[in-house]
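> Sequence and predicted structure, then a few things I'm wondering about:
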Protein chains: 2
Amino acid sequence: MSRASFPVIGLLILLGACSVSEQPLRSPAEDPLPSWNDGPTKQAITQFVAAVTDPNGGGYVEASQRIAVFDNDGTLWAEQPLYFQLLFALDRVRAMAAEHPEWREEQPFKAILDDDREALGRMSEHDIVQIVMATHAGMTVDEFSDQVAGWLATARHPRFDQPFTQMAYQPMLELLDYLRANDFKTFIVSGGGIDFMRVFTEQVYGIPPEQVVGSVGVTRFELRDDGAVLVKEPDIEFVDDKEGKPVGINQFIGRRPIAAFGNSDGDLAMLQYTAGGDGPRLMALVHHDDSEREWTYDRDSSIGRLDRALDEARDRAWTVISIKNDWLKVFPFEN
Amino acid sequence: MSRASFPVIGLLILLGACSVSEQPLRSPAEDPLPSWNDGPTKQAITQFVAAVTDPNGGGYVEASQRIAVFDNDGTLWAEQPLYFQLLFALDRVRAMAAEHPEWREEQPFKAILDDDREALGRMSEHDIVQIVMATHAGMTVDEFSDQVAGWLATARHPRFDQPFTQMAYQPMLELLDYLRANDFKTFIVSGGGIDFMRVFTEQVYGIPPEQVVGSVGVTRFELRDDGAVLVKEPDIEFVDDKEGKPVGINQFIGRRPIAAFGNSDGDLAMLQYTAGGDGPRLMALVHHDDSEREWTYDRDSSIGRLDRALDEARDRAWTVISIKNDWLKVFPFEN
C-alpha cells in the first residue's frame, strides 16, 4: 500500500493535565438506545437490525456475516480541537524534551516546547510526520502501549476537562452494545494508529485489539537477551484511510461488512464497499452540527472534512445522524 | 514489509480430479483429545491448559489473553507433495489455458500444460511467482474465493485420493476444539495466501476469516456500475513467514500469543515471540516422522524445512509432536 503521511491540519494546543480515567457509562435500560431521540434515524437503525435478525424475513443474515465497522475519530469519540493521537504526540514531545536538548533549537519541536501557537499554526505536513515519527518509534510495541496507557490515565481534554476515554459518544456506546446483543461482531476501521487505539478500545468500546483495524507503522522483530520483542520503526506500513479502508477491511476482516458508520470523506470508500454487497445494508454518517454540546464542522473542516460523502449520503439515502437532533446525550459525563 | 516471493521448491505434479468435499470428523468423546496418544506430549498440552484456566493457580491467564496461533501448511493440514495452494495454481493454469493460447509456447506454462515433469522439476523461483501471479490476480476478491471454493469441491489429493479439506490432521482439529472449549481464541498465522485460506478455514477448522493471518496480495478498490469491489493485483503486500509472523501477529491480532504451533523454520520467530512473554507458555512443533501414514521430512526438505527450529526446541524444551508416536490417527478419513 502507498506510504503516506498524516493530513495537514491547523494545530491548536490547549492541553491540561492530571486525573484518573473513568469508564464511560453504559445504560442498561430496556430501550437499548436510550440516548437516541425517537425518530427516523433511530428507526433506520432498529429496522435494519430487526430485518437482518428475523429468521423468517427476506433480509435475514447469518450471525457470522453480521460485521459492523466503525470509524473512530469523530464517529466513536470526538476529534476536536485536534485528533487525540496528535495531542498525545505533542505531550510526548514535552515529556521527551529532557532527553533531546537539540529540540530546544529545532523546529517543529521548539514551537511545541515554547508553546508558540503562531508557529504551531503554520506547521507543515512534514513537521507533523516528524512529530509522529519522533514519538511513535524507537521503542518496543509494549513500551509504546505503556506510554499511551499512562497518557490516557492523566491527560484531560482541553475544552471539557475530562479524560479522553470519557470523550466517547454515549449514543455510539449504546449502539455498539445493541449490535453485539444482536450477534454483530463490531470492528473499528480508522485512520488512527492501530497500536495507539488498541490500548483503550476494549475498555472504552468493548472492542478487543484483534477487532481494531488502523494505520500501521513498520515493526522489526528483535531477539534480545530477555526475550523476543517488536520494535517500532519510523516508517509507515499501511494507511487505513479513504480507499485504504476497504482494502484494510478485506485484509484484516476478510468479509464485506453489512453496516458501516463514519463521519468524513475518509469513510466514503468504506461506506461504498459496504453498500456494494447483497441484502440489507446500513450506511451511516455522524454529522457534527451541535456547537453547544460538541462542535459544528463539515465541508470546510481540515479535521474530519465531510463533503463528498455528505452529497453521496443524500443521493443514495444513507442515514445521516444529526448530533443536534438525534442524540439526547452526547458524552457519558453529561447529566 | 518487504516484497518477496514464494520459496523455490521442487515441483511434483500428480493431481487427480472430481468429487465432493466432506467435513472432517470431530470426536465428541469425553477425552477431548482422543486421537492423541497418552504420553508426555499430550500431557504438556493438557497441563498447560489446566494451568492457564485455574483461577486459583499461579499461572492463571484471563480468557481475553488466551490467544493461540497455528501455522497452517504442515501444522493443521498436510503440505506434501507440494503446498496445496500451488496445486490449486497449477490446476488454474490448466483451466485458464483456453483463454491463453500463448501459454502453449511459453514457459513455465507450457511445462504445466504438457505435464512435462522434467521441466517442472527445474522450475525457478521466478517461474513460480509467474504462476502465482497469473492465477491469483486480475479478478475481484469475491471471484477468486469462488474459484478456490470450486477447486476444493472437486480436486483430490494425489496420494490419498481425498478432497484437500480432508487432509487436515484429526489430532489438531481436536486440539483446536479443546482450546476453544477452554476459552482460547484460535488464529491461523501462515505463509499461505490469506484470501485462499479464508475460503475453507471456518468450515474445516472452525476458524472464521477474521482470525486468519496470512500473506497478502495487493488489492485495489474499484467503483463499478454494479457496486464497489476489490480487485486482486499481481503484487505482494506482506509475506507472513519467518520474522514476518510476529510482525503479522502484532498487526492483525495485537496481542502476544500464549500458545503457538508450527512445523518448520518459518515458524521459529513466531515461537520465539510467543516464548518472550510472561507466565505459562506453550511452544510446539509438529515433527513429520511417519512415512507410512503421512510423510517423513525435516532438516533437508525444501517444503517445511525443520532444522534450526528443531535444535532450538530441544535446547529450550519446547514440545515436539511426533506424528508417529503421539498421534493415534492422522487424517479424519482413516478408520
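Nice, I can see it.
> Pull the contacting residues for the residue nearest the centre of chain A.
In chain A, the residue lying closest to the centroid (Cα atoms, centre = their mean) is A:Asn72, at 2.0 Å. Going by Cβ atoms under 8 Å, 6 or more residues apart in numbering or on different chains, A:Asn72 touches A:188, A:190, A:192, A:197, A:214. In this view, the C-beta of every residue, glycine as well, is placed from N, C-alpha and C.
> Could you do A:Gly39 as well?
Residues counted as contacts of A:Gly39 (Cβ under 8 Å, 6+ apart) are A:325-326.
> returning to what we had before: and the contacts of A:Asn72, which two are furthest apart?
A:Ile188 and A:Gly192 (8.4 Å; Cβ to Cβ).
> Now do the shared contacts for the two.
Jointly contacting A:Ile188 and A:Gly192 under the rule Cβ under 8 Å, 6+ apart are A:72, A:214.
> What parts of the stretch 101-250 of chain A come near chain B?
By Cβ under 8 Å from any Cβ of the partner chain, the part of the stretch 101-250 of chain A that sits against chain B consists of A:141, A:185, A:187, A:194-195, A:198, A:202, A:208-212, A:216, A:218-221, A:223, A:227-230, A:237, A:243, A:246-247, A:250.
> helix, strand or coil for A:Ile321?
What DSSP: H, G, I helix; E, B strand; the rest coil gives for A:Ile321 is strand.
> Can you pull the phi/psi pair for the residue nearest to the centre of chain A?
For A:Asn72, the backbone dihedrals (degrees, to the nearest 10) come out as phi -100, psi -70.
> for the least confident helix or strand in chain A by mean pLDDT, which positions count as buried?
Lowest by mean pLDDT, DSSP states H and E among the helices and strands of chain A is helix A:117-121, with a mean of 84. By neighbour count on 16 or more other Cβ atoms under 10 Å in any protein chain shown, the buried set for helix A:117-121 is A:119-120.
> State the helix or strand in which A:Gly217 lies.
Here A:Gly217 is covered by strand A:212-224, with elements defined by DSSP states H and E.
> That strand pairs with which strands, parallel or anti?
The strands beside strand A:212-224 in its sheet (DSSP bridges) come out as strand A:185-193 (parallel), strand A:227-238 (antiparallel).
> Give me the buried positions along the last one.
Going by neighbour count (16+ other Cβ under 10 Å), the buried part of strand A:227-238 is A:228-232, A:236-238.
> what's the following helix or strand after the least confident helix or strand of chain A?
For helix A:117-121, the following helix or strand on the C-terminal side (DSSP H and E) is helix A:125-136.
> Around A:Phe187, count how many other residues there are.
Number of residues near A:Phe187 (other Cβ atoms under 10 Å in any protein chain shown) recorded here: 24.
> Apologies, that question was intended for A:Asp38.
The burial count for A:Asp38: 12, using other Cβ under 10 Å.
> Three-state assignment for it, please.
With three-state DSSP as the criterion, A:Asp38 reads coil.
> Tell me where chain A has helices.
Assigned by DSSP state H, chain A shows helices spanning A:40-53, A:84-96, A:109-113, A:117-121, A:125-136, A:141-154, A:170-181, A:194-197, A:201-205, A:244-252, A:268-275, A:308-315, A:323-326.
> Of all the residues in the last one, which ones are buried?
Translated: helix A:323-326. A:323-324, A:326.
> What of the fifth one?
Of the residues in helix A:125-136, A:127-136 count as buried by neighbour count, 16+ other Cβ under 10 Å.
> Show me which of the residues you listed is closest to chain B.
Taking Cβ to the nearest Cβ as the measure, chain B lies nearest A:His136 of the buried residues of helix A:125-136, at 14.1 Å.
> right, and that closest one touches A:Glu233 too?
No - look at A:His136 against A:Glu233 with Cβ atoms under 8 Å: they stay out of range, at 9.7 Å.
> got a list of what A:Gly227 touches?
Counting by Cβ under 8 Å, 6+ apart, A:Gly227 touches B:275-277.
> ok, now with 10 Å
By Cβ atoms under 10 Å, 6 or more residues apart in numbering or on different chains, the residues touching A:Gly227 are B:256, B:272-273, B:275-278.
> Quick check: the closest residue to A:Met133 other than its chain neighbours vs A:Arg92, distance?
Spatial nearest neighbour of A:Met133, chain neighbours left out: A:Pro234 (4.0 Å); criterion: Cβ to Cβ, 6 or more residues apart in numbering or on different chains. Per Cβ to Cβ, to the nearest Å, A:Pro234 is found 14 Å from A:Arg92.
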